[in-house]
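In: have a look at this fold, sequence not included:
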């Protein structure tokens, strides 16, 4: 039993029985702001700040969980650069440290990729919102989610107008289960290819000419984006399940256009 500084035993209230006999699906800590290090596809590292939530399943016989132990597990993995492959190990560590049958961890963070402008080749950093989520209950259920900004140009506007077409920025979101190795960069690039055109943080005039004309030559409805993304994910042997969406932030309407679909490739 834990003792206070004077040597007096301190009772472990969380471990005491609970007479109500109601199990809790998830109990833990939410929105822990924590610095992380991430391994990049090219073999380097980058730092970010994550919002981390961690939970365990609490049996009907136990009064409470030990909240401090979640942070202890996070601290124990602070020195490791995170990859999709190693992230389930943190979920298993939470399960084991709290003597639970099931544990769940989610970490949402901003990830940066260096991109070259299409004509001048000038480099700039693009930011993407990423979430790693894993449930450990004897098996590891890991899901990686990325949200990538892109451009969509309206096929209808192009078809009916004497000149020009309206376009807008969109946000393409993809959540995937996969086998083998898939990097954040891989999924971002798959998402961007489904759009009329990817976006860049820095463009010079020759680049602006290119992206304007290229988007005009590649018009897509929001439905086209999710269908083309689905085709790419169907063709990717690593992906076993996906849930994807695109929200187009309309430039000539007061509402947004949205499309979403989910597929389990294992039936």
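Out: Yep, that arrived. Bear in mind that the values here come from a model prediction, so they are computed numbers and not experimental data. Numbers count the residues shown, from 1 in each chain.

In: for residue 39, give me its contacts.
Out: Applying Cβ atoms under 8 Å, 6 or more residues apart in numbering, one finds that residue 39 lies in contact with 45, 81-83. Yep, even glycine has a C-beta here, placed from its N, CA and C like the rest.

In: among those residues, which one is most surrounded by other residues?
Out: Scoring these on neighbours with other Cβ atoms under 10 Å, the highest-scoring entry is residue 82 at 20 neighbours.

In: quick check: which element contains the closest residue to residue 266 other than its chain neighbours?
Out: On the basis of Cβ to Cβ, 6 or more residues apart in numbering, the spatially nearest residue to residue 266 that is not a chain neighbour turns out to be residue 240, at 5.5 Å. When secondary structure is defined using DSSP states H and E, the element that contains residue 240 is strand 239-248.

In: quick one: contacts for the residue nearest to residue 266?
Out: Residue 240 makes contact with 177-179, 264-266 under the criterion Cβ under 8 Å, 6+ apart.

In: got a winner among these for most neighbours?
Out: The member of those surrounded by the most neighbours (other Cβ under 10 Å) is residue 178, with 20 neighbours in all.

In: ok, residue 225 touching residue 170?
Out: Yes: at 6.8 Å, residue 225 counts as touching residue 170 under the criterion of Cβ atoms under 8 Å.

In: secondary structure class of the residue nearest to residue 243 when sequence neighbours are not counted, three-state.
Out: Closest residue in space to residue 243, ignoring its immediate chain neighbours: residue 262 at 4.2 Å, by Cβ to Cβ, 6+ apart. At residue 262, secondary structure determined by DSSP: H, G, I helix; E, B strand; the rest coil is strand.

In: for residue 262, give me the pLDDT.
Out: In this prediction, residue 262 carries a pLDDT score of 96.

In: hang on, it packs against residue 242?
Out: Yes: contact status for residue 262 versus residue 242: in contact at 7.1 Å, counting by Cβ under 8 Å.

In: element containing residue 177?
Out: strand 167-178.

In: and that strand, what does it pack against?
Out: strand 140-153, helix 184-193, helix 222-235, strand 239-248 (3 or more Cβ pairs under 8 Å, 6 or more residues apart in numbering; DSSP states H and E).

In: quick one: closest of these to residue 114.
Out: helix 184-193 (10.1 Å; Cβ to Cβ).

In: next, the angle strand 239-248 makes with the closest one.
Out: Using axes from the mean of the first three to the mean of the last three Cα atoms, to 10 degrees, the inter-axis angle of helix 184-193 relative to strand 239-248 is 50 degrees.

In: avg pLDDT for the strand holding residue 240?
Out: Averaging pLDDT along strand 239-248 gives 96.

In: and for the closest residue to residue 187 other than its chain neighbours, the neighbour number?
Out: With sequence-adjacent residues excluded and distances taken as Cβ to Cβ, 6+ apart, residue 187 is closest to residue 146, at 4.9 Å. Burial measure for residue 146: 22 neighbouring residues, criterion other Cβ under 10 Å.

In: before we move on, what about residue 36?
Out: Per other Cβ under 10 Å, the neighbour tally for residue 36 reads 19.

In: which SS class is it?
Out: Using three-state DSSP, the secondary structure recorded for residue 36 is strand.

In: show me what contacts the nearest residue to it once chain neighbours are set aside?
Out: With sequence-adjacent residues excluded and distances taken as Cβ to Cβ, 6+ apart, residue 36 is closest to residue 50, at 4.8 Å. For residue 50, the contact set (Cβ under 8 Å, 6+ apart) comprises 33-36, 107-109.

In: now with 7 Å?
Out: Neighbouring residues of residue 50 by Cβ atoms under 7 Å, 6 or more residues apart in numbering: 34, 36, 107-109.

In: among these, which ones are buried?
Out: Neighbour counting with 16 or more other Cβ atoms under 10 Å marks 36, 107-109 as buried within those.

In: which one of those sits closest to residue 70?
Out: For the buried ones among the contacts of residue 50, the nearest to residue 70 is residue 107 (12.4 Å; Cβ to Cβ).
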